[in-house]
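[1] Next input, structure requested:
(chains A and B)
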Amino acid sequence: MAAAFEVRNGVGLVTMVGPLTAGQVDAFRAEFNEWHKSSEAFRNVVMDCHGIDFMDSSGLGALIALLKRISERGGDLKLARLPKKVRMVFEITRAYKIFQICDTVEEALQACR
Amino acid sequence: MPVKAVLQTGGTPAWARDLGFETWALAPVAGRPALEYWLELCDLLHIAEVRLVLSDGAQAVEAFAQDGARWGLKITYSFLGPDEDPDLFLQRSPELWTEGLFYLRAPLFPRRLGEQPLEKLNLAGTHLHREGGRTACLASSDPAFLASFIAGGELALGAQDFNELGFLPEPVSSLQEYFELNLRMVRGECARYVSPGYTYKDGAGIGFNVIIPPAARLQPPLVIGNDTRLGAMTNIGPDVIIGHHCIVDRQSELARCVILDGTYIGRNLEIRDKIVAGRRLIDPADGTVADIEDPWLLATVPGTLRPADVLRAALGWPLALLLALLQCLPFLLLGSLLKITGAGRFASGTFHATRRRRTTLLTCPCPGAGPLPLLARLFRAASLDLFPALLCVLAGRLWLCGQEPLRVEAEDALHREFKEYFPAALTYATPRAEASDTLIKRVDALYYAHHRSLGEDARILLRALCGRFAGLFRGAPGEPTS
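    Below is the predicted model of the structure:
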């Protein structure tokens, strides 16, 4: 799992590549928390999930934890470009009701403004 | 002229592989393998002899269909190599088929057209269904036509389609078509295929031993297979097919979906417009297949032992030893007397035992064989006939309390059906005077598989021993239990 963090147009953008499963969530969460704590330039975060080839319930739990953390700072977490298999996990676990899921990164960025 | 059927069961289309089947013939439609619909149709067409041509998944097909007695058919088998042309099979012995042939070549489903179950049909003339420019299904009693067809000709002059016979061979070539076929079945067409022992009243077909808590909500149309458990506050339907041996955990919602046999659906999930086969989640709309790694979301229902089973075994063995010690002397005395006076006789049989083993078991005297002499009744009332079974418990081949042991060969089909098999010396049937039929055995076994516990074992033990003893004073060998 590799994650790239950047700020684009005042919105935090996280691009993830690889599986997001029990083995990767701790490292990812630590990396995200460090970036999120150090940057005060944004409140909302968009997560580009196109590169996630697999996600299990631990990965889903990590995203929910991030959403909580971002919400506590008054922001929102939006997911973009969910691969079909990951979207199916979101559907059966009803996670689609918690997150706003956008088809493109641009759409998600737009929704954050 | 006797018409014979040749059904090609080989070939694994991608959709069947995605569902986890080696052959399309065993993929379930509304909870029953597709092949079963064809076999039922053969019976309706007065066809007694069926040749199943095996290829992929041969063993599973043979284990399912066996000799065909279930459908009143005589099934024989041939094997076709994976690279062989299915049509060439008929050319191996053309003289066998020229009197009349019902031939299925491709993965099709015999969709019945009328609203009611079909009556017996008489096959006359030639009926043909083509797929992709080739004959996919054929029924003919015209020797000249058949000779030409088998020789390699594709003559179809004068052939009719199958509508006149009341059914239409329908292709299944994708997950989407498979899904839609199942949904059509559950939305009403199921009633056209009702098999003995089942009904489809109010749009709901529910199998044996389905556990539905009061807080579960069912919205027909739906089909639920045997031995399936629904959790509290589940919301099932509409348009749901759940296979056999499934568990839907609490608060989950299922709608417009097909759940295949032996699937566990975790807690608080929402399954809509999907096919679930074990831990495999399939979106039929675009064929996306996702294998879920978390066993608390989706999984295959395990047929393994629970920790409590170890406790049951640990307590059962010393109890069996105690009972065997108490019975040893009376068994030898009364057993000898029985033999000398001819009041009862021992019969031996081979049964399926624990851990896929077999065991020989002595039974005596045979229940249900008319009024027993006093000596035999006494023998039975003291449960001395269970002594050989108790020895099997001590040898680790049977449980003390559990399900009725199933006979090898005669009850192989039932044995294969059970995911959890606990053959035991004492069962729900022990106090009964009459021998259990297959239906009662199945219901008892499925009930026990779900409800087994130390308490349930104690109930079986007390009912078995006390019920039999009380039977002595009622002048009958035993009494039926509820």
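[2] So for the residue nearest in space to the middle of chain A, what pLDDT did the model give?
    Compute the mean C-alpha point of chain A, and by CA atoms, centre = their mean the closest residue is A:M47, 3.7 Å away. Listed pLDDT for A:M47 reads 94.
[3] I'd assumed it was in a strand, is it?
    Yes. Assessed by DSSP: H, G, I helix; E, B strand; the rest coil, A:M47 belongs to a strand.
[4] Which neighbouring elements make contact with the helix or strand where B:H129 lies?
    In this assignment (DSSP states H and E), B:H129 forms part of strand B:126-131. Strand B:126-131 is packed against strand B:134-140, strand B:167-171, with contacts defined by 3 or more CB pairs under 8 Å, 6 or more residues apart in numbering or on different chains; DSSP states H and E. To be clear about C-beta, it is placed using only N, CA and C from the backbone, and glycine gets the same treatment.
[5] ok, the residue of the stretch 51-200 of chain B found nearest chain A - contacts?
    Residue nearest to chain A within the stretch 51-200 of chain B: B:L175 (13.6 Å; CB to the nearest CB). By CB atoms under 8 Å, 6 or more residues apart in numbering or on different chains, the contact list for B:L175 reads B:15, B:18-19, B:275, B:282, B:284, B:287.
[6] What of B:A5?
    B:A5 neighbours (CB under 8 Å, 6+ apart): B:42, B:45, B:47, B:49-51, B:101-104.
[7] tell me the phi and psi of it?
    phi -110, psi 140 (degrees, to the nearest 10).
[8] got the CA coordinates for stretch A:100-110 in PDB?
    Below are the C-alpha coordinates for stretch A:100-110, written out as PDB (Å, rounded to 0.1, in the frame of the first residue of the first chain):
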ATOM      1  CA  GLN A 100     -20.000  10.500  -0.300                       C
ATOM      2  CA  ILE A 101     -18.700   8.600  -3.300                       C
ATOM      3  CA  CYS A 102     -17.900  10.500  -6.400                       C
ATOM      4  CA  ASP A 103     -17.100   9.100  -9.900                       C
ATOM      5  CA  THR A 104     -14.100  11.400 -10.500                       C
ATOM      6  CA  VAL A 105     -11.500  13.300  -8.400                       C
ATOM      7  CA  GLU A 106     -12.600  16.600  -9.900                       C
ATOM      8  CA  GLU A 107     -16.200  16.000  -8.900                       C
ATOM      9  CA  ALA A 108     -15.100  15.200  -5.400                       C
ATOM     10  CA  LEU A 109     -12.900  18.300  -5.200                       C
ATOM     11  CA  GLN A 110     -15.700  20.400  -6.600                       C
END
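[9] And the helices in the chain?
    If you meant another chain, say so; for now it's chain A. Using DSSP state H, the helices found in chain A span residues A:22-38, A:57-72, A:84-92, A:105-112.
[10] Switch to chain B, please.
    Using DSSP H, helices in chain B cover B:14-18, B:34-44, B:58-65, B:86-92, B:143-150, B:175-186, B:307-341, B:374-381, B:387-394, B:412-417, B:438-451, B:454-473.
[11] most surrounded residue in the contacts of B:L175?
    In terms of neighbour count, B:I282 stands highest of these at 26 neighbours, by other CB atoms under 10 Å in any protein chain shown.
[12] Just give the closest residue to that one, not the sequence neighbours.
    Nearest residue to B:I282, sequence neighbours excluded (CB to CB, 6 or more residues apart in numbering or on different chains): B:I275, at 4.2 Å.
[13] pretty sure that neighbour contacts B:F179?
    Yes. Using CB atoms under 8 Å, B:I275 makes contact with B:F179 at a distance of 6.0 Å.
[14] which neighbours do those two share?
    Counting by CB under 8 Å, 6+ apart, the contacts common to B:I275 and B:F179 are B:258, B:284.
[15] Near residue 26, how many other residues are there?
    Reading this off chain A. Using other CB under 10 Å: A:D26 sits among 11 other residues.
[16] try again with chain B
    B:L26 has 20 neighbours, counted by other CB under 10 Å.
[17] Now do the same contact list for it.
    By CB under 8 Å, 6+ apart, the contact list for B:L26 reads B:33-35, B:57, B:60-61, B:64.
[18] and the gap between it and chain A?
    To chain A, B:L26 is 25 Å away according to CB to the nearest CB, to the nearest Å.
[19] swap in B:A5?
    Applying CB to the nearest CB, the value for B:A5 to chain A is 40 Å.
[20] cool, and B:A395?
    Look at B:A395 and chain A: by CB to the nearest CB, they are 44 Å apart.
[21] Distance check, that residue against A:K78.
    Distance, B:A395 to A:K78, by CB to CB, to the nearest Å: 65 Å.
[22] So for the two, which sits in the more crowded spot?
    A:K78 (23 against 13).
[23] For the spatially closest residue to that one that is not a sequence neighbour, the count of nearby residues, please.
    Closest residue in space to A:K78, ignoring its immediate chain neighbours: A:A108 at 4.3 Å, by CB to CB, 6+ apart. The number of residues packed around A:A108, counting by other CB under 10 Å, is 24.
[24] Next: A:I101.
    Neighbour tally, A:I101, other CB under 10 Å: 18.
[25] Identify the residue spatially nearest to it, adjacent ones excluded.
    In space, A:I101 comes closest to A:L79 once its chain neighbours are excluded; the distance is 5.0 Å by CB to CB, 6+ apart.
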